[in-house]
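Asker: The following block contains a protein sequence and its predicted model.
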Amino acid sequence: MIQNILELKSPFQLTLKVDQTQEMATSSSIVRYDKDAIVFREGHVADKFCFLYSGTLSVEKNAPMGKRLAVAQLFSGDYFGERALV
């Protein structure tokens with residue numbers, strides 16, 4: 001687990017010192033989501049900071065008529081939920 005997180009090379013992680021990265025890795029957990037699962041809802045306060053270890057994630061916004069509008073695609077090594085760190 002720790003080694004998996006240490007192997008990620010995201011821009012965020014590159015700003016951390018080695019001991020900070022290790023601390024983040026030891027306090028992390030791996031969560032698997034089913035296809036089409038909702039990880040965060042638009043407008044909700046982020047309560048977790050996440051690295052996408054594998055797979056892809058679609059970032060969508062609410063659109064008129066109950067539709068969803070894809071605004072970004074995240075890939076392995078990307079991160080999201082930065083507001084949870086504030």
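Answerer: Arrived safely.

Asker: remind me, longest helix of this structure?
Answerer: In the chain, taking DSSP state H as the definition, the longest helix is helix 18-26.

Asker: how deep is V39 tucked in, by neighbour count?
Answerer: 14 (other Cβ atoms under 10 Å). Any C-beta I mention is one placed from the backbone N, CA and C, and that applies to glycine too.

Asker: Now do the contacts for the residue nearest to D47 when sequence neighbours are not counted.
Answerer: Nearest residue to D47, sequence neighbours excluded (Cβ to Cβ, 6 or more residues apart in numbering): A84, at 5.6 Å. Counting by Cβ atoms under 8 Å, 6 or more residues apart in numbering, A84 makes contact with A46, D47, K48, F49.

Asker: part of a strand, is A84?
Answerer: No: with DSSP: H, G, I helix; E, B strand; the rest coil as the criterion, A84 is located in helix rather than a strand.

Asker: For D36, see how far away it is.
Answerer: Remark: distance between A84 and D36 (Cβ to Cβ, to the nearest Å) = 23 Å.

Asker: partners of the helix or strand that comes right after the longest helix of the chain in the sheet?
Answerer: The first helix or strand that comes after helix 18-26 along the chain, using DSSP states H and E, is strand 50-51. Strand pairing for strand 50-51, using DSSP bridges, gives strand 79-80 (antiparallel).

Asker: Need the contact partners of the strand it pairs with.
Answerer: S10, F12, V39, F40, F49, C50, F51, L52, L57, V59, L74.
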